[in-house]
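[1] Curious how this folds, go ahead:
(one chain, ligands or ions: 2)
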Amino acid sequence: MALPGEGQGLALVPGRECGSCSLCCILPDIAEFDKPANQPCRHCLPGGGCDAYAARPATCRDFYCLWRIDPTLGPEWEPRVSRMMLYAQGAQLTVLVEPAAGAKWRDAPYIDLLEERARTLKAEGGYVVVYAGEDVAVVKG
Ligand code: SF4
Ligand code: SF4
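    Ligands and ions are numbered 1, 2, ... in the order given. As a prediction, the model looks like this:
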């Protein structure tokens, strides 16, 4: 997939930091540098961070997950807590779940917000899609 440049021109939610989280460097496949899904990028540092930070590609430079951008997502959505990361591309909301977290996204409070977002996006012709290991599901709106 091509991660969206969500970070460009968008305000970040004050007080939220990536810290030791590296989920966006682990869960997505990134075609730009042949990174498969659900495997750490070869530039990931133990404990978080990137050993190629200054020279990281634009895909990485521009990207922030939705938790860093959307103040309506509560603390339970912090990727280190939820074990999933969200990002939006137009009317599509994508959820990438740590494979070891299984179907956690189907539990409250996560499924409640995902269904709410699915209903909203459906009205715009969009949808919510969840990737959890080998499983792919579209959330009913
Ligand atoms: S998934 Fe979100 S919180 Fe985690 S490192 Fe990426 S942008 Fe930061
Ligand atoms: S190059 Fe750096 S920022 Fe980009 S995915 Fe790899 S570790 Fe993450």
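[2] just for the chain, where's the confidence low?
    Across the chain, the ranges flagged by pLDDT under 70 are 1-9.
[3] Show the subsequent helix or strand relative to the longest helix seen in the chain.
    In the chain, taking DSSP state H as the definition, the longest helix is helix 110-122. Sequence-wise, the next helix or strand downstream of helix 110-122 (DSSP states H and E) is strand 127-132.
[4] Buried residues in the host helix or strand of Arg61, which are they?
    Here Arg61 sits within helix 58-62, counting by DSSP H and E. Buried residues in helix 58-62, defined by neighbour count with 16 or more other C-beta atoms under 10 Å: 59-60. For glycine as for every other residue, the C-beta is placed from the backbone atoms N, C-alpha and C.
[5] what about the helices in this structure?
    Remark: helices assigned in the chain by DSSP H are 58-62, 66-69, 79-82, 110-122.
[6] Just give me how far the third one sits from the chain centre.
    Okay, so that is helix 79-82. Centre-to-centre, helix 79-82 and its host chain are 10 Å apart (C-alpha atoms, centre = their mean, to the nearest Å).
[7] Could you double-check that Arg56 lies in contact with Arg42?
    No: with contact defined as C-beta atoms under 8 Å, Arg56 does not count as touching Arg42 (12.0 Å).
[8] Tell me which of these two has more neighbours.
    Ranked by neighbour count (other C-beta atoms under 10 Å), Arg56 and Arg42 place Arg56 first, with 16 against 11.
[9] ok, the more buried one to Val128 distance?
    Applying C-beta to C-beta, to the nearest Å, the value for Arg56 to Val128 is 28 Å.
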